[in-house]
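Asks: Let's see this in three dimensions:
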Amino acid sequence: MSETAATAQDAAGGIGSGRLVLVVGPSGAGKDTLLRLARAACVDDHDIVFPRRIVTREASADEDNVAVAPQEFRRAREHGDFAMHWEAHGHSYALPAQINDDIRAGRTVVVNVSRTVLGALRQAYANVVVVAITAPPDVLAARLAARRRNSDGDIAERLTRSIDDASAHADITILNAGSAEYHGRQLLRVIRNEGWQE
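Replies: Just a heads-up that it's a prediction; the model follows:
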């Protein structure tokens, strides 16, 4: 699996003064479900932003991504339209450059990213919080089998990736094995900078 990252602009000193909340975790951990719940709870809070990722794979009902063709992605990247881009599982992903303006305006930006870009994002932004969302292996396997998304590829291969790897680089870890509403509230408290324990 080839994964690379690059920032769209010079990161000297790190972009501030808002917060960048990065959500990471293995496939099937429920990241998109918890993000959807948190986004719904923040719908009237204009200081919290959930930008849509740009992705070169088909759209999914479970994700709020912008699906583009590889050629369109390449043109946008060359034009400087991305704050960050990376490759994972044969697809290209990017965050829109608009997040830099949101961070500079003091907003909190919440995004789902690959753990491979955490180092670059920590260097590029002044205030970064990494939240790992994980689940036990049997729960991951059941969720991946249930969603049957072609772009997931070989489920067994996806499950061999270390669940603990993302947690090792995280500031906060949420074990998403119970109620989605409960764990969604935990994520919401992190986003609002209120801690995460109940």
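Asks: so what's the residue positioned nearest the centre of the chain up against?
Replies: Most central in the chain under CA atoms, centre = their mean is Asn112, positioned 0.8 Å from the mean C-alpha point. Asn112 makes contact with 23-24, 31-32, 35, 53 under the criterion CB atoms under 8 Å, 6 or more residues apart in numbering. The C-beta positions use only the backbone N, C-alpha and C, and glycine is treated the same way.
Asks: want to throw these into JSON lines with secondary structure?
Replies: Shown next, in JSON lines, are those (DSSP: H, G, I helix; E, B strand; the rest coil):
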{"residue": "Val23", "secondary structure": "strand"}
{"residue": "Val24", "secondary structure": "strand"}
{"residue": "Lys31", "secondary structure": "helix"}
{"residue": "Asp32", "secondary structure": "helix"}
{"residue": "Leu35", "secondary structure": "helix"}
{"residue": "Arg53", "secondary structure": "coil"}
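Asks: Tell me the one of the residues you listed nearest Ser17?
Replies: Nearest to Ser17 among the contacts of Asn112 is Val23, at 21.0 Å by CB to CB.
Asks: Please name the nearest non-neighbouring residue to the closest one.
Replies: Sequence neighbours aside, Asn112 is the residue nearest to Val23 in space, at 4.7 Å (criterion: CB to CB, 6 or more residues apart in numbering).
Asks: distance of that neighbour from Cys42?
Replies: Note on Asn112: its distance to Cys42, by CB to CB, to the nearest Å, is 15 Å.
Asks: And Arg107, by the same measure?
Replies: 11 Å.
Asks: Need the residues touching each of those two.
Replies: Here Arg107 and Cys42 have Ile48 as joint contacts, going by CB under 8 Å, 6+ apart.
Asks: Tell me the pLDDT of the residue nearest to the centre of the chain.
Replies: You'll see Asn112 listed with a pLDDT of 94.
Asks: got it, and Lys31?
Replies: So Lys31 comes in at 92 (pLDDT).
Asks: okay but Val111 is in contact with Arg53, surely?
Replies: Yes - using CB atoms under 8 Å, Val111 is in contact with Arg53, at 6.9 Å.
Asks: Now for these two: what residues contact both?
Replies: Contacts common to Val111 and Arg53, judged by CB under 8 Å, 6+ apart, are Leu95.
Asks: what bits of the chain have low per-residue confidence?
Replies: 1-13, 61-62, 147-167, 195-198 (pLDDT under 70).
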